[in-house]
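A.B. asks: Quick one, what's the 3D model for this:
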Amino acid sequence: MPTPKKNRTLLERALVGPAGEHYVLYQLHMMGMLASLAPTNAPTVTFSY
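C.D. replies: Predicted structure coming up:
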């Protein structure tokens, strides 16, 4: 029987997004890619090869 979902606190919800972004950057780094966080409220994202 599945366990019911726990309601996350405001602090927990605020930390999940940034932690996920850093985790993705870590994974890209481990694959040999160069990546960085976009500036806050950046209107566009550019890629260069």
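A.B. asks: Name the residue closest to the centre of the chain, please.
C.D. replies: With distances taken as CA atoms, centre = their mean, residue 21 lies nearest the centre of the chain, 1.7 Å away.
A.B. asks: How much space separates that one from residue 4?
C.D. replies: 28 Å (CB to CB, to the nearest Å). All C-beta atoms are positioned from the backbone trio N, CA, C, and that covers glycine.
A.B. asks: One more: residue 12?
C.D. replies: 16 Å.
A.B. asks: tally of neighbours for residue 18?
C.D. replies: Each residue near residue 18 was counted by other CB atoms under 10 Å, and the total is 10.
A.B. asks: Over to the one 5 residues further on?
C.D. replies: With neighbours defined by other CB under 10 Å, the count for residue 23 comes to 10.
A.B. asks: Just the pLDDT for the residue nearest to the centre of the chain.
C.D. replies: Predicted confidence (pLDDT) for residue 21: 90.
A.B. asks: quick one, what contacts it?
C.D. replies: Residues in contact with residue 21 (CB atoms under 8 Å, 6 or more residues apart in numbering) are residue 37.
A.B. asks: Report the secondary structure state of it.
C.D. replies: For residue 21, the secondary-structure state derived from DSSP: H, G, I helix; E, B strand; the rest coil is helix.
A.B. asks: Check which helix or strand the nearest residue to residue 35 once chain neighbours are set aside maps to.
C.D. replies: Distances taken as CB to CB, 6 or more residues apart in numbering put residue 28 closest to residue 35, at 4.3 Å, once the chain neighbours are dropped. Element membership of residue 28 [criterion: DSSP states H and E] is helix 10-30.
A.B. asks: about what we covered before: distance-wise, check the residue nearest to the centre of the chain relative to residue 1.
C.D. replies: 34 Å.
A.B. asks: And residue 37, by the same measure?
C.D. replies: 40 Å.
A.B. asks: Looking at these two, which has the bigger crowd around it?
C.D. replies: Neighbours of residue 37 and residue 1, each counted by other CB under 10 Å, are more numerous for residue 37; the result is 11 against 3.
A.B. asks: where's the more buried one relative to residue 24, distance?
C.D. replies: 10 Å.
A.B. asks: Cheers, nothing more for now.
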